[in-house]
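Q: Quick one, fold the following:
(one chain, ligands or ions: 1)
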Amino acid sequence: MRTIDLSSKTALVLGVANQRSLAWSIAEALGGAGCRLAFTYQGERLQKNVAALTAKYPDAPMIACDVTSEEQVEGVFARLEREFGRLDILVHSIAYARREELEGDFLGTKLEGWRIALEISAYSFLNLTHHAVPLMEKHGGSVLALTYLASQRVVPSYNVMGSAKAALEHGVRQLAYELGPKNIRVNAISAGPVATLSARGISGFSRMASHHRAKAPLGRNVRGTEVGDAGLFLCSDMASGITGEILFVDGGFNVMAV
Ligand code: NAP
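A: As a prediction, this is how the structure comes out:
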């Protein structure tokens, strides 16, 4: 029987805020396959939460990283180089937009709100991957991002985050092309709604989730663990032929019209 064994691999997971975070579901799936993990946390506010969760991986470095700080981003990769000497998997599970940009109309988006959303939710993916390449290029690697259907379709209130996800998905394809020769694969999961901290910040999230439930072929919303399992697959050698892909884990919602 073929199973996924990541016991010789290392992964950096960014975006764990609490046990509901999609980053945590992916980390648990990777950890369950034996992968050695490292985590980041954004600030002191969440340090305790993240430390309590990750205590089950006592060897996992926990590194402060606000992705808008180049100094902190550099610090993460310097620490990984010291502790792991290599990196096989990078999981980017980070997004942010100001509350005012996720309410009301897209038409009123302010430049600063646009800049913040695109910097944290899309540019950081490019920048983190850029830093990860030197630790991956000798042996190949896998980079994973989290996206949402609002990159391609209209989801009221998602507003500037739709622009950020469109930029992120473009980044997945462009980087897949550029990093393919180094055997670094770049993919994203487009997840259906899961009630996480960030998701609850989107105005009308509950209505959105019940609409998905009613329309999806599977007749339900997806679970975080299902996103985690898909992440494990994409990051493992089972997906060695897949790059530049946006894999929907949404109960089939995206295929429906009427
Ligand atoms: P989450 O648990 O709230 O995770 C979002 C993470 O982004 C948090 O850990 C947050 O840290 C971090 N973050 C925000 N700004 C940051 C910054 N400047 N530097 C470093 N980290 C920062 O929510 P989630 O739903 O799991 O979101 C993870 C990813 O999945 C996002 O890309 C999201 O768009 C995507 N996604 C989610 C859904 C869904 O329905 N949940 C569906 C499709 C795609 P703080 O909490 O400290 O700000």
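Q: got the residues of the stretch 151-258 of the chain near the ligand?
A: Within reach of the ligand by C-beta under 6 Å from any ligand atom, the stretch 151-258 of the chain has these residues: 191, 193-194, 196-199. Heads up, the C-betas are built off the backbone N, CA and C, glycines and all.
Q: right, and the pair among those residues with maximum separation?
A: 191 and 197 (14.4 Å; C-beta to C-beta).
Q: So for those two, which residue has more residues nearby?
A: Shown here are residue 191 and residue 197; by other C-beta atoms under 10 Å, residue 191 has more neighbours (26 against 11).
Q: That one contacts residue 227, correct?
A: Yes. The pair residue 191 and residue 227 qualifies as a contact (C-beta atoms under 8 Å) at a distance of 5.0 Å.
Q: ok, and what's touching the helix or strand of the chain with the lowest mean pLDDT?
A: Within the chain, no helix or strand scores below helix 44-54, which has a mean of 87 by mean pLDDT, DSSP states H and E. With contact meaning C-beta atoms under 8 Å, 6 or more residues apart in numbering, helix 44-54 is reached by 16-19, 24, 27, 37, 39, 41, 60, 62, 64.
Q: helices and strands around the helix or strand just after that helix, which ones?
A: Downstream of helix 44-54, the next assigned helix or strand under DSSP states H and E is strand 62-64. The contact analysis (3 or more C-beta pairs under 8 Å, 6 or more residues apart in numbering; DSSP states H and E) places strand 62-64 against strand 36-41, helix 44-54, helix 70-83.
Q: tell me what the last one is packed against?
A: Okay, so that is helix 70-83. Identification of packing neighbours for helix 70-83 by 3+ C-beta pairs under 8 Å, 6+ apart yields strand 10-14, strand 36-41, strand 62-64, helix 124-136.
Q: ranking those by burial, who's on top?
A: Most buried of these, by mean neighbour count (mean count of other C-beta atoms under 10 Å): strand 10-14, with a mean of 25.
Q: so it versus helix 70-83, what angle?
A: If you take axes from the mean of the first three to the mean of the last three C-alpha atoms, to 10 degrees, strand 10-14 sits at 160 degrees to helix 70-83.
Q: Now do the contacts for residue 145.
A: By C-beta under 8 Å, 6+ apart, residue 145 lies in contact with 92-93, 125, 168, 171-172, 186-189.
Q: cool, residue 24 as well?
A: The contact partners of residue 24, by C-beta under 8 Å, 6+ apart, come to 16, 18, 53, 224.
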